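> Fold the following and give me the result.
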Amino acid sequence: MDLLLKQKYEARAVIMKALAHPSRLMMVEELEKGPRCVCELRDLIGVDMSTVSKHLLVMKNAGLVYGVKQGTTVYYHLKASCVLDFIACVDRVLANNVEHQVKIARYCIRKVRHS
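Down below sits the predicted model:
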């Protein structure tokens, strides 16, 4: 694999890893509604400020969010709203998985009833 191709996949992985945490996914969906300060995100997630700040730093380094300082407060914004399309795709995969499991369960129930 050539170097640029490898770097492309590594860069994609950084972004996906930045999303690969339930708290970060919650923050992304909250930031879709508009800018939020760390204290608002802390209340949403239910963890301490330093943990929220660490999550925001991971997402900032991946290019997903950015902060704007207003006085002593930093308000975070969603920089790449297209990531919500990816999250919607994940939700569709989850729904398809559930539908498939329901079909299997119904088949199993019919088999049990007829035996």
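
> element containing the one residue sitting closest to the centre of the chain?
Central residue of the chain (Cα atoms, centre = their mean): L25, 2.9 Å from the mean position. Per DSSP states H and E, L25 falls inside helix 22-32.

> What is the distance between that helix and the centre of its chain?
6 Å (Cα atoms, centre = their mean, to the nearest Å).

> what comes up buried for stretch 79-88?
Buried residues in stretch 79-88, counting neighbours by 16 or more other Cβ atoms under 10 Å, are found at 79, 83. Where you see a C-beta, it was placed from the backbone N, CA and C, and this is true even at glycine.

> mind saving the C-alpha coords of it as PDB?
Taking C-alpha atoms only, stretch 79-88 is exported to PDB below (Å, rounded to 0.1, in the frame of the first residue of the first chain):
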ATOM      1  CA  LYS A  79     -17.600  21.800  12.900                       C
ATOM      2  CA  ALA A  80     -18.500  18.900  10.700                       C
ATOM      3  CA  SER A  81     -22.200  18.500  10.700                       C
ATOM      4  CA  CYS A  82     -21.900  15.900   8.000                       C
ATOM      5  CA  VAL A  83     -20.900  13.500  10.700                       C
ATOM      6  CA  LEU A  84     -24.600  13.400  11.600                       C
ATOM      7  CA  ASP A  85     -25.200  11.600   8.300                       C
ATOM      8  CA  PHE A  86     -22.800   8.900   9.400                       C
ATOM      9  CA  ILE A  87     -24.600   8.600  12.800                       C
ATOM     10  CA  ALA A  88     -27.900   8.300  10.900                       C
END
